[in-house]
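Asks: Structure for this input, please:
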Amino acid sequence: MYPLTKLYAQKMFRLKLIYIFFACFFTASFFYAFLISTPQMEELLNINIRIVGRENFPEFMMRFYVGTVGILFNVFLLTLFICEEDRSKILYQPLLHGESRNRMIQSKAYVSISMSIIFVLLTAIINYTTAFMRWGYKIFETTAIIRTIEKYLLSGIYMSCITLGIIVLCICTRNTWKTILGVIIYMLIDAFISNSNILFLQKIWIGYYLNLWTFSYEYQKIPLKEILPGIFVMALYGIIFYQISLCRTEKIDF
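Replies: I've put the predicted structure just below:
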């Protein structure tokens, strides 16, 4: 399966959308780092630069990518990667390189998961780069760096599971716009559950733990008792999404 995985990886990283997106993200992060330092922007955004600036800036910016922007970016990317290939009748050709449909989807899943983790880490690099350009060596406070990188790694796990969920949507709907609509509905449900008082529902919801880590423990170390259940729930969703994608692929009737 390695040649197929390598082929899909090369195809994924030839997409110009990736480089355009991260160029825009770098530009936005750079200007944001400087704009929030002005009294006018502090008042307009109702923020305290002494809290969200310096060593806390990369963590502050993480919420914009992982919470909304990154998910929408992934869904656009994956619909190009899966739905558009399906529409052009080249996605499920079982004889391509002598591989079965399931092995082709497995390869795409491996590439997509790796892509999600790389993108989260790249976001961290961009945010630290722009923070360094604004505040210099003041951002390299050891405790803050360890805490922030830990949160980026946890966000990478979340984004990987969400990526598998988007793949399931792509395979089940076989339509770009239906997939995008499904992700938007997920984000609305996620916001409702995370802000509700239904504790049982929150504890079994994939997005609850990311919101807990990002907002309830913002600029604080996350206790281990809050990390382990979150990783378990996310991993469980990831396994379920992965198995559904394989089963659904096998049942597709041309």
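
Asks: Just give the number of residues close to the closest residue to residue 11 other than its chain neighbours.
Replies: Spatial nearest neighbour of residue 11, chain neighbours left out: residue 81 (7.8 Å); criterion: CB to CB, 6 or more residues apart in numbering. Where C-beta positions appear, they are placed from N, C-alpha and C, glycine not excepted. Neighbour count for residue 81, taken as other CB atoms under 10 Å: 22.

Asks: So what does residue 81 look like in phi/psi?
Replies: Phi and psi for residue 81, reported as degrees, to the nearest 10, are phi -80, psi -30.

Asks: burial count for residue 60?
Replies: Other residues near residue 60 come to 20 when the count uses other CB under 10 Å.

Asks: For it, what is the enclosing helix or strand?
Replies: helix 57-64 (DSSP states H and E).

Asks: Give me the buried positions along that helix.
Replies: Neighbour-count burial for helix 57-64, counted by 16 or more other CB atoms under 10 Å, picks out 57-64.

Asks: can I get those in a markdown table with pLDDT?
Replies: Below are the buried residues of helix 57-64 laid out as a markdown table (pLDDT from 0 to 100):
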| residue | pLDDT |
| --- | --- |
| 57 | 87 |
| 58 | 89 |
| 59 | 87 |
| 60 | 86 |
| 61 | 85 |
| 62 | 86 |
| 63 | 82 |
| 64 | 81 |
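
Asks: Low-confidence regions, this protein specifically.
Replies: 1-2, 40-46, 83-101, 251-254 (pLDDT under 70).

Asks: And the helices in it?
Replies: Per DSSP state H, the chain carries helices over the ranges 2-12, 16-35, 39-45, 49-52, 57-64, 70-78, 84-87, 101-135, 142-173, 176-194, 199-203, 208-211, 224-251.

Asks: out of those helices, nearest to residue 217?
Replies: Closest to residue 217 of the helices of the chain is helix 224-251 (CB to CB; 7.2 Å).

Asks: which strands and helices sit next to the closest one?
Replies: With contacts defined as 3 or more CB pairs under 8 Å, 6 or more residues apart in numbering; DSSP states H and E, helix 224-251 has these neighbours: helix 101-135, helix 142-173, helix 208-211.
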